[in-house]
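K.L.:
this is a predicted model, with the sequence first.
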Amino acid sequence: MVPSADAPPVNPPTRRSYGEVTVGDPRLSGDAQHDTGGESVDAGVGEPGPTGRPLPSFPVPAPLTSHGPAWIVAMCNQKGGVGKTTSTINLGAALAEYGRRVLLVDFDPQGALSVGLGINPMQFELTVHDLLLGGTNDVREVIVETQVDRLDLLPSNIDLSAAEVLLVTEVGREHSLARALAPILDEYDIILVDCQPSLGLLTVNALTAADAVIVPLECEYFALRGVALLLQTIDKVRERLNSRLELAGILATMYDARTLHAREVLARVVERFPDEVFHTVINRTVRFPETTVAGEPITTYAPTSVGAAGYRRLAREVMVRHHTQPAVG
Ligand SMILES: Nc1ncnc2c1ncn2[C@@H]1O[C@H](COP(=O)(O)OP(=O)(O)OP(=O)(O)O)[C@@H](O)[C@H]1O
Ligand SMILES: [Mg+2]
């Protein structure tokens, strides 16, 4: 059988155990890959993908010999429950599987990102809140390791809800996150910032720190509602605060190809944003809510599942876009 690009990397540089399965476990090669659809590296290339456009090839990225400087991506949509946190965790974990050093920033006072990684954010004395408001200047004091190799976390908890108000009086308030991250840019390849569902000062901070934005969109009615406002906000931040900022892409999530409704919504999104929508579409599956309960990414919880394959493919597509495409925003 041809090895699937969507299957877990078989021989990652290091191993870490996740309960029953270990990344790099020989059981994950060969027949265990059949859940990914047995898709070969180039399967489907040139044929219409879920977005209706011909699928390009998204090769497995070459191993890195050194790390940094980090590419900072804000995962942003002011609409709630569209898959921002799920995508941050699983895209991050997939990039880490491909050998990238990844930092996830929990930028939502609800702390869902931390919880989704099995980490109780209330246990920490120092969180992102302290970095923004001068409780500490040392970002390394705040970073914690996750169970996943090469995947670190900057945790947040409910304290962050006060930051939005307290930051208003700070000098250079929009640049607080960028300042906090500056000392560690050479230590990571990618930093993903999980934004809260609002376009307030915290989200503006994320956009000011970021090189790019990924906009997750749920394939449901009103998916596009509010996207124009989000794109205007991105434009304003680019003009006034951060000229580097680009739109890395729009990610269709919770897609159920069996329903006409989801297919129609996806077709409308592609019609509206033909170049921006990622070829990779994330399917709706109960495995994702299960991973939140389990407190780990789908790439380790169900390494051979369709959901894990989806985020691995997204990771490869994101890297291809990052390295080959000019800004589309
Ligand atoms: N592909 C998917 N299939 C099924 N359920 C999903 C999928 N992606 C996310 N979910 C579930 O949908 C819910 C919302 O997802 P998530 O928390 O990632 O959204 P969010 O945009 O971060 O929400 P918020 O705006 O509240 O921060 C969660 O219960 C999550 O488990
Ligand atoms: Mg969230």
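P.N.:
Done, it's in. All figures in this text were calculated on a predicted structure; none of them were measured in a lab. Residues are numbered from 1 along each chain as shown. Ligands and ions are numbered 1, 2, ... in the order given.
K.L.:
got the residue ranges for the strands in the stretch 51-200 of the chain?
P.N.:
71-75, 102-107, 144-145, 151-154, 190-195 (DSSP state E, counting those that start in this stretch).
K.L.:
and the first one, average pLDDT?
P.N.:
Per-residue confidence for strand 71-75 averages out to 98 on the pLDDT scale.
K.L.:
kindly check the end-to-end length of stretch 176-188 for me.
P.N.:
Taking C-alpha to C-alpha, to the nearest Å, the first and last residues of stretch 176-188 lie 19 Å apart.
K.L.:
wait, L133 touches T169, no?
P.N.:
No. Using C-beta atoms under 8 Å, L133 makes no contact with T169, being 10.5 Å away. C-beta coordinates here come from the backbone N, C-alpha and C atoms, glycine included.
K.L.:
and the stretch 151-300 of the chain, which residues reach ligand 1?
P.N.:
Residues of the stretch 151-300 of the chain lying close to ligand 1 (C-beta under 6 Å from any ligand atom) are 197, 253-254, 282, 284-285, 288-289, 292.
K.L.:
from those, list just the buried residues.
P.N.:
Among these, those buried by neighbour count (16 or more other C-beta atoms under 10 Å) are 197, 253-254, 282, 284-285, 288, 292.
K.L.:
rewinding a little: and L133 and T169? Which one has more around it.
P.N.:
More crowded of L133 and T169, by other C-beta atoms under 10 Å: L133, with 16 against 7.
K.L.:
can you read off the pLDDT for that one?
P.N.:
Reported pLDDT at L133 in the predicted model: 93.
K.L.:
check V23 too.
P.N.:
At V23, the pLDDT value in this model is 36.
K.L.:
what's the burial count for the nearest residue to K79 once chain neighbours are set aside?
P.N.:
Among residues not flanking K79 along the chain, G226 sits closest, at 5.4 Å (C-beta to C-beta, 6 or more residues apart in numbering). Counted with other C-beta under 10 Å, residues neighbouring G226 total 16.
K.L.:
near ligand 2, which residues of the protein are found?
P.N.:
84-85, 112 (C-beta under 5 Å from the ion).
K.L.:
how about 8 Å then?
P.N.:
Residues of the chain lying close to ligand 2 (C-beta under 8 Å from the ion) are 80-81, 84-86, 88, 108, 110, 112-113, 194-197.
K.L.:
adding pLDDT, write those out as CSV.
P.N.:
Output for the residues of the chain next to ligand 2, formatted as CSV (pLDDT from 0 to 100):
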residue, pLDDT
G80, 96
G81, 96
K84, 98
T85, 98
T86, 98
T88, 98
D108, 97
Q110, 95
A112, 97
L113, 97
D194, 98
C195, 98
Q196, 97
P197, 97
